[in-house]
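*Asks:* the following comprises the amino acid sequence and a computationally predicted model.
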Amino acid sequence: MSFCADIFADYNCLTTAEGLLSAGMEDVSVTFDMFFREIPDKGGYAVMAGLEQLCERLESLSFSEGFLASLTEQGFSQKLVDYLGSFKFKCDVYAMPEGTPVFPNEPIVKVKGPAIQAQLIETLLLNTINYQTLIATKGNRVSRAASGRRVIEMGARRAHGLDAAVDGARAAYIGGVSATSLFPAYTKYGVPVATMMGHGWVQLFDSELEAFKAYLEEHGEDGALLVDTYDTLDSGIKNAIQAFNEVLVPKGLRPAGVIIDSGDMTYLSKRARRMLDEAGFPDCDIYASNSLDEILIKDMLNQGAKIDGFIVGEKLITSSTSPVLDGVYKLCETEKNGEKSPAIMLSNNVNKITTPCSKRVWRLFDMESGKAIADVLTLDNENLSDEKVYSLFDPDFTWKRKTVDNFVAREMLVTVFKDGERVYNSPSLEDIRAYCNEQVASLWEEVVRFENPHRYYVDFSGKLWGVKQSMIEKIMRGDALTGDGDNV
C-alpha cells in the first residue's frame, strides 16, 4: 500500500507534456482550479479530505529509469525523457484544509506553475482528492444520522482495493466516524480501531455459550458478542447474559455490548434491550450492522430502535448510494512573457462553463451567530477581510441580492506548496476531525438537513462576474475560439 513515486497520470497528460515541450512552451505559467459540480447524495455540502496524501505524493514525485525506458518504448521523444529525468516540482499549490465543508463550483485546490507540470499532476490530484472527499462526506452523513451514537467503519472487505480501504477509513474518521475495524488504518494514520467478533468464532466451538465465554476470557470488558449466529433472542441474548454472569461479573467487569447482524433491527433491539435490562445489564450497549447507511440508521432510530452504535461497511467505504465525486481540473489563467490572460471553457451544457482567472475564496461568517453566510469568489487582487458591508449577488440570477454587515471574511485557500516546496504542516488527524465537526456546526440547519437541503450560496465579486460575462460575450461574438465543450 505504498505509493509509487512514478507519476500517476493518464496517457494524455504525457502526450500533452511532450507537445508543450515541442512547441517551446516550457516557460508558460498556468493556473488550474480543481472543483466539483454536484454534492454526493444531493446533500447540502461535501467535506474536504485527502490533502495530506496529496502533499506526500507531490513531495515524492520522481521518474525512475524503468519509467523513462517505458516512455522510450512508447515512442516518446528524448526531449521529454530528459525533461522528466531531471524533474523538479516547481508549482504553487493552494487548498482548502481537510475537514472543511465545501460547495460546488468553488476551487478546493488551486495549482499555479509551469504548464507542463500543472497538467502532469491532474490525474494524481483528482484521484486523491475526489475519493477521500467522497468518503469523508459519506462518513459525515452516517455519523450525523447516528445522532451522537458510536459508528464503526468496517468496509475493507468490500472496498475497491487496498489503498481505498485504508485511505477511506481515514476519510470516514475525518467526517465523524468513531473508529475502524481495519488495523492498517491505525498503523498508517492512527485511526482508532475496534475489535469485532465474527460468526466463524461462534461456529468453531461446540456451543454458542462456550464461544461467548472463551471470547470474554480473552477480551474481557472490551469484547462485544455477536448474538445472531443461530437465533438472536432465544439463543444469542440468553447465552450472552449467562456468559456475562459467569465470566465478567465475578471479576467485577461489565459487558461492552452485543452485536445484531441480521433480522429486524428495530424489533430485535427493543426485545434485546428489555432482556439485558432485566438481567442487570442496562449498561450493555447494543450494536447493529448489516449493510447500513444513513437512511437506514435514521429510519431505525425514528422507529424507536434501542441501538447504541452502528457498524457500517460497504455502503460507507464505497459511498454506494452516490459513488462518485465529479471533481474536475480546469485551466483558468495563463501567463506568457509576464502577461496574464484569463481562460474559460464554454459548453452547450451551461453547467460545464468554467470561471476564469486566478481566484481567492472567502467565507463570510456572521459575527453574532457564528454561522456561515455565503462563500465569495474574487480576483486575486481583491481583499474582503477589511470589508464592513458587502453586497452579495447570485452569479446565475443577478437580481437576487443581499447586503450583509457585522461579518468576518475568512480566506479559505491556504498555501500548501510554494515554488514546489511544501510549506504546509498538516494538523493531526484528531485536530482535523475536530475542525470538521466545528465547521459543519457553523452551517445553518437548513443546509445540513438530509431532505431537500437549502442551497448554500457561492457568489462572485462584481469584478470576477464582469470578467466572465465579458469573455462569454466576446466568444459568442466570434472574437475568440473555444472547443466543443464535450471534455470534462
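*Replies:* Here it is on my side, so go on. Residues are numbered from 1 along each chain as shown.
*Asks:* from here on, contacts and neighbour counts on C-alpha atoms
*Replies:* Noted.
*Asks:* now do the end-to-end distance for stretch 89-104.
*Replies:* Stretch 89-104 has an end-to-end distance of 29 Å (criterion: C-alpha to C-alpha, to the nearest Å).
*Asks:* give me the distance from it to the chain's centre.
*Replies:* 12 Å (C-alpha atoms, centre = their mean, to the nearest Å).
*Asks:* what's the average pLDDT for that stretch?
*Replies:* Stretch 89-104 carries an average pLDDT of 98.
*Asks:* kindly report the same for stretch 231-239.
*Replies:* Stretch 231-239 comes out at a mean pLDDT of 97.
*Asks:* quick one, strands of the stretch 1-150 of the chain?
*Replies:* All strands of the stretch 1-150 of the chain, identified by DSSP state E, counting those that start in this stretch, fall at 29-35, 46-47, 92-95, 101-102, 109-114, 150-153.
*Asks:* what's next to the longest one, contact-wise?
*Replies:* Where contact means C-alpha atoms under 8 Å, 6 or more residues apart in numbering, the residues beyond strand 29-35 that reach it are 104-115, 118, 126, 327-336, 357-358.
*Asks:* I'd like the strands of the stretch 1-150 of the chain laid out as CSV, including mean neighbour count.
*Replies:* CSV is the format used below for the strands of the stretch 1-150 of the chain (neighbours: other C-alpha atoms under 10 Å):
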stretch, mean neighbour count
strand 29-35, 25
strand 46-47, 29
strand 92-95, 22
strand 101-102, 24
strand 109-114, 25
strand 150-153, 25
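*Asks:* can you list the domains in the chain?
*Replies:* In the domain annotation for the chain, the residue ranges read 11-135+323-476, 196-290 (automatic domain parsing).
*Asks:* how about those, which one is nearest residue 167?
*Replies:* domain 11-135+323-476 (6.9 Å; C-alpha to C-alpha).
*Asks:* got a list of what residue 247 touches?
*Replies:* So residue 247 contacts 213, 216-217 (C-alpha under 8 Å, 6+ apart).
*Asks:* 10 Å instead?
*Replies:* 212-217, 220-221, 253-255 (C-alpha atoms under 10 Å, 6 or more residues apart in numbering).
*Asks:* out of those, which are buried?
*Replies:* Buried by 16 or more other C-alpha atoms under 10 Å: 212-216, 220-221, 254-255, out of those.
*Asks:* and the strands of the stretch 1-150 of the chain as JSON lines, adding distance to residue 372?
*Replies:* Formatted as JSON lines, the strands of the stretch 1-150 of the chain follow (distance: least, C-alpha to C-alpha, whole Å):
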{"stretch": "strand 29-35", "distance to residue 372": "20"}
{"stretch": "strand 46-47", "distance to residue 372": "15"}
{"stretch": "strand 92-95", "distance to residue 372": "19"}
{"stretch": "strand 101-102", "distance to residue 372": "10"}
{"stretch": "strand 109-114", "distance to residue 372": "20"}
{"stretch": "strand 150-153", "distance to residue 372": "27"}
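*Asks:* which among the ones you listed is found nearest to residue 411?
*Replies:* Across the strands of the stretch 1-150 of the chain, residue 411 has its closest neighbour in strand 92-95 (10.8 Å, C-alpha to C-alpha).
*Asks:* which other helices and strands does the closest one contact?
*Replies:* Contacts defined by 3 or more C-alpha pairs under 10 Å, 6 or more residues apart in numbering; DSSP states H and E place strand 92-95 against strand 29-35, strand 109-114, strand 414-418, strand 421-422.
*Asks:* now residue 277: how far from residue 396?
*Replies:* The spacing between residue 277 and residue 396, counted by C-alpha to C-alpha, is 58 Å.
*Asks:* swap in residue 271?
*Replies:* Separation of residue 271 from residue 396 (C-alpha to C-alpha) stands at 54 Å.
*Asks:* try residue 235
*Replies:* Going from residue 235 to residue 396 by C-alpha to C-alpha gives 62 Å.
*Asks:* and these two? Which one has more around it.
*Replies:* residue 235 (15 against 10; other C-alpha atoms under 10 Å).
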